[in-house]
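> heads up, no residue letters with this:
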């Protein structure tokens, strides 16, 4: 039998919570819409934007779902920043609906409190940046909600099989969003292995329905030099070492995300919280395994806030199911006050003028984001191709121009989509202008790849922006130097991985695997 209590005999949703739910949903939606229109594009968003332009079955860093989502928004609502951000603007409402649908089978009133808690979290008022986590969160919550509904069915009837199949399809969608979906899948596997072995056939059905996601990803990686594996398993983890600050930062981040009222009430009612995990074993698996996994990773890696967002909603489910009924309102009021502080701070920042930030350390980055068009006009020249020396400025400048801007130089392990898209041989002999930001360029680093180089600059709102103008680009020198070094650093693909293609290697040496990329 399912390890959940019988549902409460309530017809419809609790009316005394409807006002709070509707008000929170509408006010937070209005704020997100305003912020999505008001705030300039970020580097990551501009980078993912090009995934939506160059639609594919995969991309260098991650699986393709966010690119598909951005592509759909561009097709339906136009090529504007608010349109591209629409999925993340609507995401809290969709996730709240899925939480309510999934938990209604357990207790409608507690389900309503869980949705309200989730909507009151500050991140759901202020989150307007579309990233790979956006579709991951949606697909993950759909998978769990469908699974909960299926688990409430007393027998494996047609409705139960349909729900398990839906959960499987959602797991496949989550996998095509981000590899963190594997953590969620592992939690569900442990749940079935320990507590629902009698429904092993349902687990098998979910796995079969999820298979298209991994199959698409594996096929793309075989034909693209295993880019996802190289990035997520090898390149991004080089040089990681234990530091006490990493696990401590992880704990502090979780405390912040939980909000002060949750920490206070959770500590006071820790016995009830523990009892709820024993009774709701599915919830114990969805909380303890993912957050425990990230705790282990934090011993060597810095765990970013976005890492836990697909599992974050279950914290509020836990609190809504565990806290005494007379404490739920106090929890909501405490969260509302905490959210109000964030809203006031962000709105205050959003209405400031550029001049007010002049003394801030990040002022040059703010100028770049706000005055992008002016900076580009200053460096454009007839016949010269514009590039940038890092992916963040290249993405932001390219988004402003709606023309892809390559990254000149080696770059870092992040965001190497350039390796798949850009053929530097087409620039042979041309004049390039490489924007280097507010740092004066070292011309000696560029000289080997051009017939002549010179520095140019532009003063914008008190910030001096720089660029290198290189005349007569020497592609062969660039191939033997920069591109060969990129191959050595980022394309040391294990020989046991089968490959049918590698766009970067094929341009570099004419073969799927480059044994010695320097000679042609």
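Okay, I see it. The structure presented is a predicted model; accordingly, all values stated were derived computationally and were not measured. Numbers count the residues shown, from 1 in each chain.
> can you give me the strands in the stretch 401-520 of the chain?
Using DSSP state E, counting those that start in this stretch, the strands of the stretch 401-520 of the chain run over 431-437, 450-460, 463-473.
> what's the angle from the second one to strand 463-473?
By that I understand strand 450-460. Note on geometry: by axes from the mean of the first three to the mean of the last three CA atoms, to 10 degrees, strand 450-460 and strand 463-473 are set 160 degrees apart in direction.
> still on that earlier bit, so which of the strands of the stretch 401-520 of the chain is the most surrounded?
With neighbours defined as mean count of other CB atoms under 10 Å, the strands of the stretch 401-520 of the chain peak in mean count at strand 431-437, which reaches a mean of 22. All C-beta spots, glycine's among them, are computed from the backbone N, C-alpha and C.
> who does it pair up with?
Here strand 431-437 is paired, per DSSP bridges, with strand 384-388 (parallel), strand 463-473 (antiparallel).
> quick one on the thing from earlier: would you turn the strands of the stretch 401-520 of the chain into TSV with distance to residue 227 and mean pLDDT?
Formatted as TSV, those follow (distance: least, CB to CB, whole Å; pLDDT from 0 to 100):
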stretch	distance to residue 227	mean pLDDT
strand 431-437	25	95
strand 450-460	29	96
strand 463-473	26	96
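> TSV for those strands, including distance to residue 72?
TSV is the format used below for these (distance: least, CB to CB, whole Å):
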stretch	distance to residue 72
strand 431-437	31
strand 450-460	35
strand 463-473	35
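> returning to what we had before: redo the strands paired with strand 431-437 as JSON lines? Include distance to residue 206.
JSON lines is the format used below for those (distance: least, CB to CB, whole Å):
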{"stretch": "strand 384-388", "distance to residue 206": "44"}
{"stretch": "strand 463-473", "distance to residue 206": "53"}
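> which one of the strands of the stretch 401-520 of the chain lies closest to residue 339?
Set against residue 339 and scored by CB to CB, these come closest in strand 463-473, at 34.1 Å.
> contact partners of the closest one?
For strand 463-473, contacts defined as CB atoms under 8 Å, 6 or more residues apart in numbering pick out 363-364, 367-368, 375, 378-379, 381, 384, 427-441, 443, 446, 449-459.
> same question, stretch 372-380
Residues outside stretch 372-380 that contact it (CB under 8 Å, 6+ apart) are 40, 367-368, 386, 396-397, 400-401, 433, 435, 456, 458, 460, 465, 467.
> For residue 331, state which of the residues you listed is nearest.
Ranked by distance to residue 331 (CB to CB), the contacts of stretch 372-380 are led by residue 40 at 35.4 Å.
> got the contact list for the closest one?
By CB under 8 Å, 6+ apart, residue 40 lies in contact with 81, 369-370, 372.
> Could I get the residues you listed in TSV, plus columns for secondary structure and pLDDT?
Listed next are the contacts of residue 40 as TSV, based on DSSP: H, G, I helix; E, B strand; the rest coil; pLDDT from 0 to 100:
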residue	secondary structure	pLDDT
81	helix	96
369	helix	92
370	helix	92
372	helix	95
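> Just send those residues back as TSV, with distance to residue 199 and neighbour count too.
TSV is the format used below for the contacts of residue 40 (distance: CB to CB, whole Å; neighbours: other CB atoms under 10 Å):
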residue	distance to residue 199	neighbour count
81	45	18
369	51	19
370	55	16
372	54	20
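> now, which of those sits nearest residue 480?
Closest approach to residue 480 among the contacts of residue 40 (CB to CB): residue 372, at 34.0 Å.
> From residue 91, how far off is that closest one?
26 Å (CB to CB, to the nearest Å).
> same question, residue 428
Per CB to CB, residue 428 is found 45 Å from residue 91.
> wait, what's in contact with residue 410?
482, 485-486, 489.
> Which two of those residues have the greatest separation?
Across the contacts of residue 410, the longest distance by CB to CB is 10.6 Å; it joins 482 and 489.
> Next up, the contacts around residue 296.
Neighbour list for residue 296: empty [criterion: CB under 8 Å, 6+ apart].
> so which helix or strand takes in it?
Using DSSP states H and E, residue 296 sits in helix 281-297.
> from the middle of its chain, how far away would that helix be?
Computed by CA atoms, centre = their mean, to the nearest Å, the separation of helix 281-297 from the middle of its chain amounts to 20 Å.
> ditto for stretch 388-401
Stretch 388-401 has its C-alpha centroid displaced from the chain centroid by 19 Å (CA atoms, centre = their mean).
> before we move on, what about stretch 398-407?
Worked out by CA atoms, centre = their mean, stretch 398-407 lies 21 Å from the chain centre.
> And stretch 246-259, by the same measure?
Stretch 246-259 sits 19 Å away from the centroid of its parent chain (CA atoms, centre = their mean).
> same check, this time on stretch 96-110
26 Å.
> is it true that residue 346 touches residue 34?
No. Residue 346 lies out of contact with residue 34 (CB atoms under 8 Å); the separation is 10.4 Å.
> Let me see the contact set for residue 341.
Remark: with contacts taken as CB under 8 Å, 6+ apart, residue 341 is in contact with nothing.
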